[in-house]
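Asker: Predicted model follows, preceded by the sequence.
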Amino acid sequence: MIWVDTILQGILLGGLYALFAAGLSLVFGIMRLVNLAHGDLIVLGAYLILLLVTLTGLSPFVAAAVAMPFMFALGYGLQKFMLNRVLGDDILPPLLVTFGLSVVLQNALLEGFSADSQRIQAGSLSTASIEIAGIGLGVMPLLTFASALVVIIGLNQLFYRTSLGRAFRATSDDPTTASLMGIKPAGIFAKATGIAMIIVTIAALYLGMRSNFDPSIGPARLIYAFEAVIIGGLGSLWGTLAGGVIIGVAQTVGAAINPEWQILAGHLAFLVVLLVRPRGLFPRAVD
Amino acid sequence: MTTLLETRGLTARYGDFQALFGVDLVLDEGETIAIIGSNGAGKTTLMRSIAGVLRNPADGIRFEGRAIGDRPADEIMAMGIAMVPEGRKLFPSLSVEENLQIGAYGRQTGGYWSLETVYELFPVLRERRSNPGTALSGGQQQMVAIGRALMSNPRVLLCDEISLGLAPVIIKDIYKAVPRIRESGASMIVVEQDIGQAMAVADRVYCMMEGRITLSGRPGDLSREAIHNAYFGAQA
């Protein structure tokens, strides 16, 4: 029974990693851009929610909803005025720019909020749990996983049911031909990054409520997110969820064997998948 | 007849390589013109320039009197100039129907062409509507590419080498659609290597060689010899 419990906790933890990864997966799927500042943007989102909660006394969930339009605008502007300028056949310039952005964000947050670790207070919700068939499950992990599901389903609906989603896929296939359809690739990229920032805000909400954070923890979140994307297969949203779950389960199983092994087990699972399936579990047919 | 689209002394270059040397071309409202010429004559460059994929001086291309040479492709398309690109260029991530739908993305004016009328024009596409665009035969893919361009109800339809790589029977099938397209009110510029096909559909023909127009006129007025000379540059 303890194993079932461990694995269930791992799956739920995977929801958090899937949330970290979904925005990264979206942006990479559309414009082949790896945003090295992704983790730091999540931390930025967490501080923004914290600020709103502290200043206005709003519930964290409402604060996150208020933060979303700002984060969308930030993503839109970031893409339009900075990243679009360096996108091209060469993948190095966008990597360097987002790496620089990561350093700038970490230092700006350090300057603005100090190195003290912070937490978004969620009240009784953070310790609440429900018991299902003899297994106690935390409400917070359940909410996290449910949010990850909603995000992945929502993104899939957006991609496969809407005109904007068709434009996303067409631009990802061939930006020049997409422009012949009246699509402005630069505008599509900006919208995609804006939407990714909305997901980043959701990830930031749970990151901030579930654990302490400080300005320096972004890069480690980026690694989990990146591993989840790679395990799932680049560009596949359901794959990203699966990738998050695999890392989550590996971490909790590792921790159950020896608490020191938690992080290591997650990375090992990533390496094993990479060895067996170098293109990930669900790679997109076209690449 | 009123002039719909014209180029004046249009030049185009890829870096140091100049591909067009002062091309003058006129397309009247309701007209179909053909551009013929061998590989490397500059036909595709001319099409890509008009469609806005290649940028030019604003004055080089005029559409309904407006200088549009420097506008990007997405704006050109919204004005009503749609292109069937060389090599079809269907979107592999999109189904046949989605490929058609996205053709109207930047210009939803309404008009004769809709999913329904495109399926009437090419009935086989209705059967394959949920297949990925790239799972179709070459001829069917070409039909999707033409239908996709029609979905925006263009004023001008640019067709770049729509017979390339297709069997003669299939080419005939595809060209059967041209009269319907003309009736819908679209003016057409058809780029062809197949002279016979071009002569059959066009009101006027331009012949290109090495980035210049070497001959133009009505198909009936042009002798085979004159076309031969304009096409190959050889004095027979």
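Answerer: Ah, there it is.

Asker: Look at stretch B:216-227 and report the distance between its end residues.
Answerer: End-to-end distance for stretch B:216-227: 9 Å, by C-alpha to C-alpha, to the nearest Å.

Asker: And for it, what's in contact with it?
Answerer: B:36, B:195, B:199-200, B:202-207, B:215, B:236 (C-beta atoms under 8 Å, 6 or more residues apart in numbering or on different chains). C-beta: built from backbone N, CA, C; applies to glycine.

Asker: Just the residues contacting the helix ranked longest in chain B, thanks.
Answerer: Counting by DSSP state H, the longest helix found in chain B is helix B:138-150. With contacts defined as C-beta under 8 Å, 6+ apart, helix B:138-150 is touched by A:181, B:82-85, B:88-90, B:96, B:99-100, B:102-103, B:113, B:118, B:121-122, B:124-125, B:128, B:133-134, B:136, B:157-159, B:162, B:165-167, B:170, B:173-174, B:177, B:181, B:184, B:186.

Asker: Can you list which of those residues are found in strands?
Answerer: In strands, judged by DSSP state E, the following of these are found: B:82-84, B:157-159.

Asker: Now render the residues you listed as JSON lines, adding distance to A:G280 and neighbour count.
Answerer: As requested, the ones in strands among the contacts of helix B:138-150 are arranged in JSON lines below (distance: C-beta to C-beta, whole Å; neighbours: other C-beta atoms under 10 Å in any protein chain shown):
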{"residue": "B:A82", "distance to A:G280": "37", "neighbour count": "30"}
{"residue": "B:M83", "distance to A:G280": "36", "neighbour count": "28"}
{"residue": "B:V84", "distance to A:G280": "36", "neighbour count": "26"}
{"residue": "B:L157", "distance to A:G280": "41", "neighbour count": "25"}
{"residue": "B:L158", "distance to A:G280": "40", "neighbour count": "26"}
{"residue": "B:C159", "distance to A:G280": "40", "neighbour count": "29"}
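
Asker: These: which ones sit near chain A?
Answerer: Checking those against chain A by C-beta under 8 Å from any C-beta of the partner chain, the ones in range are B:82-83.

Asker: Return the residues in contact with the nearest residue to A:V97 once chain neighbours are set aside.
Answerer: Distance criterion C-beta to C-beta, 6 or more residues apart in numbering or on different chains; nearest residue to A:V97, sequence neighbours excluded, is A:V86 at 5.1 Å. Contacts for A:V86 (C-beta under 8 Å, 6+ apart) come out as A:93-94, A:96-97.

Asker: Filter these down to the buried ones and hand me the ChimeraX line.
Answerer: Entered in ChimeraX, the line below selects the buried ones among those, by 16 or more other C-beta atoms under 10 Å in any protein chain shown:
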select /A:94,97
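
Asker: Report the buried members of the contacts of stretch B:216-227.
Answerer: B:36, B:195, B:199, B:202-207, B:215.

Asker: mind checking pLDDT for the residue of the stretch 101-250 of chain A found nearest chain B?
Answerer: Going by C-beta to the nearest C-beta, chain B is nearest to A:G182 of the stretch 101-250 of chain A, at 1.2 Å. A:G182 carries a pLDDT value of 95.

Asker: quick one: secondary structure of the closest residue to it other than its chain neighbours?
Answerer: In this structure, A:G182 finds its nearest non-sequential neighbour in B:G106, 1.2 Å apart by C-beta to C-beta, 6+ apart. Secondary structure, DSSP: H, G, I helix; E, B strand; the rest coil: B:G106 is coil.

Asker: B:G106 contacts A:M181, doesn't it?
Answerer: Yes: between B:G106 and A:M181 there is a contact under C-beta atoms under 8 Å: 6.0 Å.

Asker: Helix or strand: which one has A:Y206?
Answerer: A:Y206 is part of helix A:185-210 when elements are defined by DSSP states H and E.

Asker: what is the mean pLDDT for the helix or strand just after that helix?
Answerer: Downstream of helix A:185-210, the next assigned helix or strand under DSSP H and E is helix A:218-232. Per-residue pLDDT over helix A:218-232 has a mean of 94.

Asker: Next, the angle helix A:218-232 makes with the helix or strand that helix A:218-232 is followed by.
Answerer: As assigned by DSSP H and E, the chain's next helix or strand after helix A:218-232 is helix A:237-257. Helix A:237-257 runs at 110 degrees relative to helix A:218-232, counting by axes from the mean of the first three to the mean of the last three C-alpha atoms, to 10 degrees.
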